[in-house]
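Participant: fold the following, please.
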Amino acid sequence: MDYATDEQQADLATLNFNLNVDFSKLFNWNVKQLFVYLVAEYKTPVNEVNQVVLWDRIVERSERVVMDEIGIKPKYYFLDDGSNLLKHENFTFVLRYNVILNAGYLRLVQSSDQIVVPFPSTYSTTRRS
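Facilitator: Numbering: from 1, shown residues only. So this is what the prediction gives:
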């Protein structure tokens, strides 16, 4: 993970993650697609709840419904409006998804598995291209 800060004291984190999940049991005649997204959650002294969406994907019934990917890069910035990422002990990463039906109630589901990760205590200012 790399971190950077600018004059406005905003932390930016970069990371890669692996994803291994089987959605095949969710699909039936009425399930059209899933909107899957990875959320990072954490607390700060100013905000009790911080949630940042890092990545998302639409999984359609006709596509591969088993995802086994390594080294996924986030689609969105992991940015904090202060310096709250540095030395933070308790970031929770959770996979959520919306079930998009052909007919009926749209439901939001959260994975039962969550990963808690502490962040490093120093900044890295190297830029990668």
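
Participant: what about stretch 62-74, average pLDDT?
Facilitator: Mean pLDDT, stretch 62-74: 86.

Participant: what of stretch 103-113?
Facilitator: Regarding stretch 103-113, the rounded mean pLDDT is 75.

Participant: now stretch 38-48
Facilitator: For stretch 38-48, the per-residue pLDDT averages 86.

Participant: okay, buried residues for that stretch please.
Facilitator: For stretch 38-48, the neighbour count (16 or more other C-beta atoms under 10 Å) marks 38-40, 42 as buried. For glycine as for every other residue, the C-beta is placed from the backbone atoms N, C-alpha and C.

Participant: ends of it, what's the gap?
Facilitator: 19 Å (C-alpha to C-alpha, to the nearest Å).

Participant: just the buried residues of stretch 38-48 now: which is nearest residue 73?
Facilitator: Among these, residue 38 lies closest to residue 73 (C-beta to C-beta), at 11.4 Å.
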